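Chemist: whatever this is, show me its structure:
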Amino acid sequence: MLRISKLTDYATLLLMHMARAPFETHSARGLAQRSGLPPPVVAKLLKLLAREGLLTSQRGAAGGYGLARAPERISMAQILAAVEGPLAVTECALGRGVCDMEKGCATRPHWQLIGHALQVALDAVSLADMTVPRAATVRLQRLEK
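Modeler: Numbers count the residues shown, from 1 in each chain. I've put the predicted structure just below:
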């Protein structure tokens, strides 16, 4: 089963809280309270997301974290990559020389195609989209037609 980690899910939740007030500075403590996540997990994720360029950080009494760019300009692919690393369905999709069997592999190009489709789909969904109730349901209905 292909699934994201809990940390990616939690990072998305934190970013969604921040996207609802995109111009505010958010404290780790406040985000932990609003999200219901443990403060150490929140602190770890905020530092990671800042290091990966999705958040900015300010030190001091009025410090905290803010979105590095507008929620419309942060894709789910970027969030996933920040927490999980590069998107790849299989090891060989990461690049050449990873698998001993890649030379004669009949499945590699297909997995690469599937990986590309996932990348395109994740790039198409922004953090702003994630904050809109029912947006995913509407998009899914359009795809199913």
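Chemist: please count neighbours and contacts with C-alpha atoms only from this point.
Modeler: OK.
Chemist: excluding its backbone neighbours, what's nearest Lys126?
Modeler: Careful, residue 126 is Ser; it's not Lys. Ser75 (4.2 Å; Cα to Cα, 6 or more residues apart in numbering).
Chemist: quick check: phi and psi on the one you found?
Modeler: phi -90, psi 160 (degrees, to the nearest 10).
Chemist: same question, Pro133
Modeler: Torsion angles, degrees, to the nearest 10, at Pro133: phi -60, psi 140.
Chemist: just Tyr65 next, same as before
Modeler: phi -120, psi 150.
Chemist: how many residues are close by it?
Modeler: 21 (other Cα atoms under 10 Å).
Chemist: what of Leu94?
Modeler: Count around Leu94 with other Cα under 10 Å applied: 14.
Chemist: residues touching Trp20, list them.
Modeler: Actually, residue 20 is Arg rather than Trp. Thr131 (Cα atoms under 8 Å, 6 or more residues apart in numbering).
Chemist: where does this protein dip in pLDDT?
Modeler: Residues of the chain meeting the criterion pLDDT under 70: 1, 135-136, 138-140, 145.
Chemist: name the SS class of the residue nearest to the spatial centre of the chain, please.
Modeler: Centroid-nearest residue in the chain: Ile79, 2.0 Å away (criterion: Cα atoms, centre = their mean). Put simply, Ile79 is helix when judged by DSSP: H, G, I helix; E, B strand; the rest coil.
Chemist: where do the helices sit along this protein?
Modeler: Shown for the chain, the helices assigned by DSSP state H span residues 6-19, 28-35, 39-51, 76-84, 108-124, 127-130, 135-144.
Chemist: deepest-packed of the ones you listed, please.
Modeler: helix 127-130 (a mean of 21; mean count of other Cα atoms under 10 Å).
Chemist: what residues does that helix touch?
Modeler: Leu15, Met16, Ala19, Pro71, Glu72, Arg73, Ile74, Ser75, Met76, Ala135, Ala136.
Chemist: if I look at Leu13, how far off is Val42?
Modeler: 10 Å (Cα to Cα, to the nearest Å).
Chemist: surely Ala50 meets Lys44?
Modeler: No - under the criterion of Cα atoms under 8 Å, Ala50 is not in contact with Lys44, lying 10.1 Å apart.
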